[in-house]
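**Q** Provided below are the primary sequence and the corresponding predicted coordinates.
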There are 2 protein chains.
Amino acid sequence: MKSIPQRAASIGAQLHQALRDAIVRAELKPGTALSEAEIAVRYTVSRQPVREAFIRLAQEDLVEIRPQRGTYVKRIVMADVLDARFVREAIEVAVAREAALKADEPAIERLRATLRAQGAASGNAEFLAADEAMHHEIALIAGREAAWRVVDQVKAQMDRVRYLSYTNVSPAERLIAQHGEIVEAIAAHDADAAEAAVRTHMAEILLQLPQLAAQYPEMFEF
Amino acid sequence: MKSIPQRAASIGAQLHQALRDAIVRAELKPGTALSEAEIAVRYTVSRQPVREAFIRLAQEDLVEIRPQRGTYVKRIVMADVLDARFVREAIEVAVAREAALKADEPAIERLRATLRAQGAASGNAEFLAADEAMHHEIALIAGREAAWRVVDQVKAQMDRVRYLSYTNVSPAERLIAQHGEIVEAIAAHDADAAEAAVRTHMAEILLQLPQLAAQYPEMFEF
DNA sequence: CTCAACTAACTTGTATGGTAGTATAGCAGC
DNA sequence: GCTGCTATACTACCATACAAGTTAGTTGAG
């Protein structure tokens, strides 16, 4: 871990990261009005970097810029979440199949390690981080880092939903068990089983969605 | 076609669109140095909107902004093209399967119409536009507009390759025949056949890539 | 009381000046 | 001829000022 000086990222980029996190974690609630000027004074920077961060966020569909009117945290649109799920399933199925073919012993051990880490996680945020690490690791094993970046972008819409409830609707053990099946399928180099396990896992969010939409209606659209 | 006044998009957004087109069509060659100031005078606007357009392009991996150094049109990275292909295949396979299940008679007729339009297309740009229309139509039939937006973004890396050669390596008849198979599979509501046809079609670019990389080495990296 | 017009306080969009970091060409010294 | 410093001409980045559009509230006429 030789993290050399590494020129600090531009203010605009830092802001983008910070705001993105806040939106995904629902600290900035859907529908909230942002304002270049307001954010600028809060972070004691000029409006320009804030504006640039907004542009990045708009391109990720996390905020909506309405010219001369204001910039708003996008409400969670049911259809968008379902579409994100669809895309994510398609990509992750293909990734998992490749991982099942390519996985060697050390790779499998790394997967099992992330599984144990997730079991030991305490708290919602930590659990979700471990969840993400697991999926990311599979992509790395398949040698599809770029594909993971697409998934990472798309799944922001899904994560917003997951962060809504501190105690997830789906119990942790259930999700960990699903992860276990994926890992074992990959370890067995069984691509079909891996595909099936991923599809089952990806269907899980469908169970949470209606309940959360009923619980937080002001955050959803439609 | 009632194109109401429709507030003109911001200069930054217009520039983004224009530059994106120019890059994908290889009018701006890979490796070219851009410059906020230079583009600004060329379009007679200030540097700020140019800067914002650059940020958008950077997020799409079409340019690389090197702080205090310059902004460059990204070279075509072989691995990126292959990854884009991988993601696109994963998504379009899933989309085609859904389309095969959902397609009704008028939808099938629209597909056949795009096929005829492609046969009548003259010139490379027109042909590629028809190609894109075909894939887009399938996504619309499946009701996966959002998924198509992801494909559209990812496939920019592939289109850059396709625009390199005015006479595509793969003859038009061959590609049209492949499209025909996809359409007929969807018309027959045969999801498995549709999947197979899409995978065959997506493999086509793999044949062009090595030849083009050899022909235009200065545009590639690695 | 009703409603239209004006005003004031917002919003994002654009232009411009200045700053700091980077690359390069030229010159001095060896 | 080669190396190392220095001036200079770039670059992206940030701050600030101004412009133009939107919205809400207030005021005044009917």
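**A** All right, it came through fine.
**Q** and the strands in chain A?
**A** A:33-34, A:63-66, A:70-73, A:76-77, A:220-221 (DSSP state E).
**Q** didn't A:Ala125 look like it was pressed against A:Val24?
**A** No. Assessed by CB atoms under 8 Å, A:Ala125 is found out of contact with A:Val24, at 10.8 Å. Every C-beta, even on glycine, is put in place using the N, C-alpha and C of the backbone.
**Q** between those two, point out the one with more neighbours.
**A** Applying other CB atoms under 10 Å in any protein chain shown to A:Ala125 and A:Val24 shows that A:Val24 carries more neighbours, namely 20 against 12.
**Q** which residues are in contact with the more buried one?
**A** Each residue near A:Val24 by CB atoms under 8 Å, 6 or more residues apart in numbering or on different chains is listed here: A:Leu62, A:Ala156, A:Asp159, A:Arg160, A:Tyr163.
**Q** in terms of pLDDT, where does the residue nearest to it when sequence neighbours are not counted sit?
**A** Closest residue in space to A:Val24, ignoring its immediate chain neighbours: A:Asp159 at 5.1 Å, by CB to CB, 6 or more residues apart in numbering or on different chains. We have a pLDDT of 91 for A:Asp159.
**Q** any idea how many residues pack against A:Asp159?
**A** 19.
**Q** next one: it from A:Ala96, what distance?
**A** 19 Å (CB to CB, to the nearest Å).
**Q** what's the spacing between the residue lying closest to A:Glu92 once chain neighbours are set aside and DNA strand D?
**A** The shortest distance from A:Glu92 to any non-neighbouring residue, by CB to CB, 6+ apart, is to A:Val198 (5.4 Å). Distance, A:Val198 to DNA strand D, by CB to the nearest atom of the strand, to the nearest Å: 38 Å.
**Q** follow-up on the earlier one: which of the strands of chain A is buried the deepest?
**A** Mean neighbour count, computed with mean count of other CB atoms under 10 Å in any protein chain shown, is highest for strand A:76-77 among the strands of chain A, reaching a mean of 20.
**Q** can you list the weak-confidence ranges in chain A?
**A** A:1-7, A:166-169 (pLDDT under 70).
**Q** now the longest helix that it contains and helix B:78-102, what's the angle there?
**A** Using DSSP state H, we find that the single longest helix of chain A is helix A:78-102. Angle of helix A:78-102 versus helix B:78-102, following axes from the mean of the first three to the mean of the last three CA atoms, to 10 degrees, is 120 degrees.
**Q** what residues sit buried inside helix A:78-102?
**A** A:80-100 (16 or more other CB atoms under 10 Å in any protein chain shown).
**Q** does A:Ala185 really touch A:Ala100, like I thought?
**A** Yes. Under the criterion of CB under 8 Å, A:Ala185 makes contact with A:Ala100 at 6.3 Å.
**Q** just checking, what packs against the longest helix of chain A?
**A** Secondary-structure packing of helix A:78-102 (3 or more CB pairs under 8 Å, 6 or more residues apart in numbering or on different chains; DSSP states H and E): helix A:124-142, helix A:145-154, helix A:156-162, helix A:172-187, helix A:191-202, helix A:204-215, helix B:78-102, helix B:145-154.
**Q** list the buried ones in stretch A:119-134?
**A** Applying 16+ other CB under 10 Å to stretch A:119-134 flags A:Ala121, A:Asn124, A:Phe127, A:Leu128, A:Ala130, A:Asp131, A:Glu132, A:Met134 as buried.
**Q** can stretch A:130-149 be found next to chain B?
**A** Yes. Residues of stretch A:130-149 contacting chain B under CB under 8 Å from any CB of the partner chain: A:Arg144, A:Glu145, A:Ala146, A:Ala147.
**Q** could I get the strands of chain A as a markdown table with distance to A:His179?
**A** Shown next, in a markdown table, are these (distance: least, CB to CB, whole Å):
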| stretch | distance to A:His179 |
| --- | --- |
| strand A:33-34 | 36 |
| strand A:63-66 | 32 |
| strand A:70-73 | 31 |
| strand A:76-77 | 25 |
| strand A:220-221 | 28 |
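**Q** between these, which gets nearest to B:Gly31?
**A** strand A:63-66 (32.2 Å; CB to CB).
**Q** which residues does the residue nearest to A:Glu92 contact?
**A** A:Glu89, A:Glu92, A:Val93, A:Ala96, A:Ile182.
**Q** ok, 7 Å please
**A** By CB atoms under 7 Å, 6 or more residues apart in numbering or on different chains, the contact set of A:Val198 is A:Glu92, A:Val93, A:Ala96, A:Ile182.
**Q** which of these lies closest to B:Leu175?
**A** The closest of these to B:Leu175 turns out to be A:Val93 (CB to CB; 26.3 Å).
**Q** surely that closest one meets A:Glu195?
**A** Yes. Using CB atoms under 7 Å, A:Val93 is in contact with A:Glu195, at 5.1 Å.
**Q** tell me how many other residues crowd A:Pro171.
**A** A:Pro171, neighbours per other CB under 10 Å, totals 10.
**Q** what values do phi and psi take at it?
**A** Main-chain torsions, A:Pro171, degrees, to the nearest 10: phi -60, psi 150.
**Q** what about the residue of chain A found nearest DNA strand C, distance to A:Arg199?
**A** Closest residue of chain A to DNA strand C, CB to the nearest atom of the strand: A:Ser35 (3.3 Å). According to CB to CB, A:Ser35 stands 43 Å off from A:Arg199.
**Q** report the two of the residues of stretch A:130-149 next to chain B separated the most.
**A** Across the residues of stretch A:130-149 next to chain B (CB to CB), the longest gap, 7.3 Å, separates A:Glu145 and A:Ala147.
**Q** got a list of what A:Glu89 touches?
**A** Taking CB under 7 Å, 6+ apart as the definition, contacts of A:Glu89 comprise A:Arg199, A:Met202.
**Q** and the residue lying farthest from the centre of chain A, how far is that from B:His16?
**A** Farthest-out residue of chain A from its mean C-alpha position, per CA atoms, centre = their mean: A:Gln68, at 30.9 Å. Distance of A:Gln68 to B:His16, computed by CB to CB: 19 Å.
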